[in-house]
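Novice: sequence plus predicted model, see below.
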Amino acid sequence: MREADLGEVGRDFVCDRLKGGLSLSRAALKRLDLRNGQVFTWTPPTRPPLLLDFDRGDVFGDFDARAAVLSFVRSFFSHVPSGSLWVEEPLPRRSDPFWDDPSVPRERKVAWFRGEEVYSLAFPEDEDARIAQALCSGWDYPGWGGGSFLSRGPVSARCRKQYEVEDSDVISVIDGVRYIICGAYDGMGYVVWRSAASSETSV
């Protein structure tokens, strides 16, 4: 596995995706200087020739991008034991009956809410299956805007216990963001923005 720089074209792609996202995406566009960082993707050892064609699903062949990104998140958590992963979900709404259905155990509801918005979160103590579940909540819809955010920012005990995301949580998360990961390549790969401040957590 290697990183391939995507330059300004990749940066434009990330910005376009965030414009279609939820509160975290909107806050990222306002509070982060996305020019101050690098945009890349993971590839097999030989660089594929069509990396800038983000809509194609045949760019990587048999390369397992989902395994690569799970390994990346694990590496981030090993460097940042207080970190968190936030994934914007494209389709669910807080008013969906599923969330209040008492027959569905809470552990099946990997969800936090901000108004009608739904987010999946994962933390360093979570097992790989929980992290993968959170990631897939957003990335199974590659054409949708928004992203996933790896942040050093603290998550309050109130947020963890009450599953409600307030303004202060959004600011803390975005101000601590080191990576933004966007689904691409027709669901077969990802485009990643790395903050210039993230050298201490690079994989």
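Specialist: Structure's in. What do you need?

Novice: where along the chain do the strands fall?
Specialist: According to DSSP state E, the chain carries its strands in the segments 2-5, 37-43, 84-88, 112-114, 117-122, 148-151, 177-184, 189-195.

Novice: mean confidence for the fifth one?
Specialist: Mean pLDDT, taken over the full extent of strand 117-122, equals 94.

Novice: for it, packing partners?
Specialist: Packing contacts for strand 117-122, counted by 3 or more C-beta pairs under 8 Å, 6 or more residues apart in numbering; DSSP states H and E, involve strand 84-88, strand 112-114, helix 128-139. No exception for glycine: its C-beta is placed from N, CA and C like everyone else's.

Novice: apply 7 Å and report the result again.
Specialist: For strand 117-122, the packing partners by 3 or more C-beta pairs under 7 Å, 6 or more residues apart in numbering; DSSP states H and E come out as strand 84-88, helix 128-139.

Novice: which other residues reach the top helix by length along the chain?
Specialist: Taking DSSP state H as the criterion, the chain has its longest helix at helix 65-79. Contact partners of helix 65-79, identified using C-beta atoms under 7 Å, 6 or more residues apart in numbering, comprise 1, 42, 83, 85, 124, 128, 131-132, 135, 150, 179, 181, 188-190, 200-201, 203.

Novice: restricted to buried residues, select those residues in PyMOL.
Specialist: In PyMOL, the members of these classed as buried (16 or more other C-beta atoms under 10 Å) are selected with the following command:
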select buried, resi 42+83+85+124+131+132+135+150+179+181+188+189+190+201+203
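
Novice: so for the longest helix of the chain, mean pLDDT?
Specialist: Across helix 65-79, pLDDT averages out at 92.

Novice: residues of that helix that come out buried?
Specialist: Neighbour counts over helix 65-79 (16+ other C-beta under 10 Å) mark Ala65, Ala68, Val69, Leu70, Phe72, Val73, Phe76, Phe77 as buried.

Novice: that older thread, pick the most buried one from the helices and strands packed on strand 117-122.
Specialist: For the helices and strands packed on strand 117-122, the stretch with the most neighbours on average is strand 84-88, a mean of 24; neighbours defined as mean count of other C-beta atoms under 10 Å.

Novice: report the inter-axis angle for it versus strand 117-122.
Specialist: In this structure, strand 84-88 runs at an angle of 150 degrees to strand 117-122, with axes from the mean of the first three to the mean of the last three C-alpha atoms, to 10 degrees as the basis.
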